[in-house]
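Enquirer: Pasted the sequence and its predicted model underneath.
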Amino acid sequence: ADGEVGCISKGEIKKQLRILDEQDAVDRFTWYNLPSGLNSRLMERILYYKGQGMFFKLQDKFYFLPYALNGTIDVYGRFTDVTPLPFNGKSSPDGKDKPWITGLTRKCLYEMELPEDYIGEDGEILVDKILETQENSCVLIKDYTEQISQTNISRQILQDPILDVMAEMVPFMRTSLLNGTGVQGMRVNSQDEAYQVALAAQAVNQAALTGKKWIPTQGSVDFQEFGTPTLAKAEEYLLAMQSLDNYRLSLYGLDNGGLFQKKSHMLEAEQKMNTGTTGLVLRDSLQCRQDACMIINSVWGLDMWCMPSETVLGMDTNGDMIAGNEDSSYKQESTETTEEGGESNDM
């Protein structure tokens, strides 16, 4: 209505949180020495929205795309053959994503290819076998260790419920502040009292989420206030939002203040116990990426590698004297990659 005071809604807050969550996820890692057409942001964005992807070669160009099973599974339940799907591609009438190229399949590799595998009995290098492996194989990259299913739930889907609750805190806080201004309630009379009370009860939560103070009710009884007369302080909502944000960050293995933060000063030991084992969470995602890099490098002779970003590590790793100023196209020497790989495996 004209003259109505505007209020930022839950939906608007959630849009902002979705962007924040994607940025935290995408910028956790930096990929090095990627082939032309791929970059860190694209790799991580696909993993964020799809949970996994396949790395393969087609006509002298490398791709990283979502995939679907197009074959059987082995004794461990792993996919043996897959077909690439277009990222954000159109779905078929049955709701499934359409293959990128009909009939295009790749064999999944789960172990490094060793040089001796391509040497014949007479000591001759089996060039045809090498080319066949490079042209007909792929390597699957998972965002995190899969559960019993071979298909991961994407981070975007996993994080959404947390963002939904976090988005409620701001309008709840604003409504609480409005309720503390001294205004108590309204009275609306009508014949159908019970029905209107039920409608009013349903409207309470919606009114709080949209920052509305008044709920129109009809009945012969005075409906002066819905909810408890005790008002929560604004800081309680902010602390709740902060705890939820810490929980969100812990799911990525990123540093955070812990699920519960005391208002008073926390001892170092208390803080360590509170934050939990976020390092193991980050290591799991990193190991999935590094294991895939090792297989990829053994097949195609690339020098790909993945490391936590400088911002996450809090140190300068590319030698530019600035922590957090990275370029995913930065070329590492093969010796550096080997050393970093060894260090990461010992984490």
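Expert: The structure has been received and is ready for your questions. Numbers count the residues shown, from 1 in each chain.

Enquirer: So which residues of the stretch 51-200 of the chain form strands?
Expert: Using DSSP state E, counting those that start in this stretch, the strands assigned to the stretch 51-200 of the chain run over residues 52-58, 61-65, 67-69, 81-84, 106-108, 137-142.

Enquirer: For the longest helix along the chain, buried residues please.
Expert: Under DSSP state H, the helix in the chain containing the largest number of residues is helix 155-179. Across helix 155-179, burial judged by 16 or more other CB atoms under 10 Å covers 155-156, 159, 162-163, 166-176, 178-179. To be clear about C-beta, it is placed using only N, CA and C from the backbone, and glycine gets the same treatment.

Enquirer: Take the strands of the stretch 51-200 of the chain and write them to a markdown table, including mean pLDDT.
Expert: Shown next, in a markdown table, are these (pLDDT from 0 to 100):
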| stretch | mean pLDDT |
| --- | --- |
| strand 52-58 | 97 |
| strand 61-65 | 97 |
| strand 67-69 | 95 |
| strand 81-84 | 96 |
| strand 106-108 | 97 |
| strand 137-142 | 97 |
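
Enquirer: Turn the ones you listed into TSV, including distance to residue 295 and mean neighbour count.
Expert: Putting the strands of the stretch 51-200 of the chain into TSV (distance: least, CB to CB, whole Å; neighbours: other CB atoms under 10 Å) gives the following:
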stretch	distance to residue 295	mean neighbour count
strand 52-58	9	23
strand 61-65	14	18
strand 67-69	16	18
strand 81-84	15	22
strand 106-108	10	20
strand 137-142	5	22
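
Enquirer: With respect to residue 306, which of the ones you listed lies nearest?
Expert: With distances scored as CB to CB, the stretch of those nearest to residue 306 is strand 137-142 (9.1 Å).

Enquirer: what are the pairing partners of that closest one, and which direction each?
Expert: strand 52-58 (antiparallel), strand 106-108 (parallel) (DSSP bridges).

Enquirer: Quick check: closest non-adjacent residue to residue 288.
Expert: Computed as CB to CB, 6 or more residues apart in numbering, the closest residue to residue 288 that is not its neighbour in sequence is residue 142, at 4.7 Å.

Enquirer: Many thanks, we can stop here.
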